[in-house]
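S.K.: output the structure for:
(2 chains)
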Amino acid sequence: AQRVTQPEKLLSVFKGAPVELKCNYSYSGSPELFWYVQYSRQRLQLLLRHISRESIKGFTADLNKGETSFHLKKPFAQEEDSAMYYCALSGSGGGADGLTFGKGTHLIIQP
Amino acid sequence: GAVVSQHPSRVICKSGTSVKIECRSLDFQATTMFWYRQFPKQSLMLMATSNEGSKATYEQGVEKDKFLINHASLTLSTLTVTSAHPEDSSFYICSARAGGPGTGTQYFGPGTRLTVL
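M.R.: Got it, this is the predicted structure:
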């Protein structure tokens, strides 16, 4: 069974400090990993997907297959980064491949 | 960008009645739509995968006779909660994807808050 673990329910850092949101996964095949963000009173939106290897809003995430991790990082946090962040996994191959979400981490950036 | 809408945004109904929730992709054709459920302060749980023109695939533990899904066109999927009970009260969220399995990003709707009295 596939599983996504986000160990921190809440993470509070000061503006300008580095941020790392942890995500570990378990999946027997080759998964596709995503980070979704939900700002207050808004819908879920895609932040990153590992196959894109791009940086969005200063955030990056590297897939580490050895450690089965996909941690989200940003070197300098901004107040507008305060939101709920969900790590998600999609199985490869055909058939149904909806997302398996972690429980989410509430990121608070303090001024 | 790709926009997904849901209607209604919130609904309150009496126990025993049925409720239909619509999910529409507004500016793209969605080969696949997904239905998720989110309980308060919990994560999203996949309920079912809906492919246009075929039967939905339900996740383990989700009653297909209770949660009827229809994906009649490439821009519309509906979720009907039949004979709703208070324990069905939840936040239901749909997402839509343009490509087939393993391709494309899922775009999420704003969700529908269902309260069953």
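
S.K.: residue contacts, residue A:15?
M.R.: The neighbourhood of residue A:15, defined by C-beta atoms under 8 Å, 6 or more residues apart in numbering or on different chains, consists of A:77-79, A:109-111. No exception for glycine: its C-beta is placed from N, CA and C like everyone else's.

S.K.: and for residue B:33?
M.R.: Applying C-beta under 8 Å, 6+ apart, one finds that residue B:33 lies in contact with B:23, B:25, B:49-50, B:71, B:77, B:94-97.

S.K.: also residue B:116?
M.R.: With C-beta under 8 Å, 6+ apart as the criterion, the residues that contact residue B:116 are B:12-15, B:84-89.

S.K.: let's see that with 10 Å instead.
M.R.: Residues in contact with residue B:116, defined by C-beta atoms under 10 Å, 6 or more residues apart in numbering or on different chains, are B:11-17, B:19, B:81, B:83-90.

S.K.: ok, and which of those residues reach chain A?
M.R.: Among these, no residue lies close to chain A (C-beta under 10 Å from any C-beta of the partner chain).

S.K.: type out the ChimeraX command that picks the buried ones from those residues.
M.R.: Buried residues among the contacts of residue B:116 (16 or more other C-beta atoms under 10 Å in any protein chain shown), as a ChimeraX selection:
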select /B:11,13,19,81,84,88,89,90
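
S.K.: so which of the contacts of residue B:116 are in strands?
M.R.: Here DSSP state E is the test, and the contacts of residue B:116 give B:11-13, B:19, B:81, B:90 as lying in strands.
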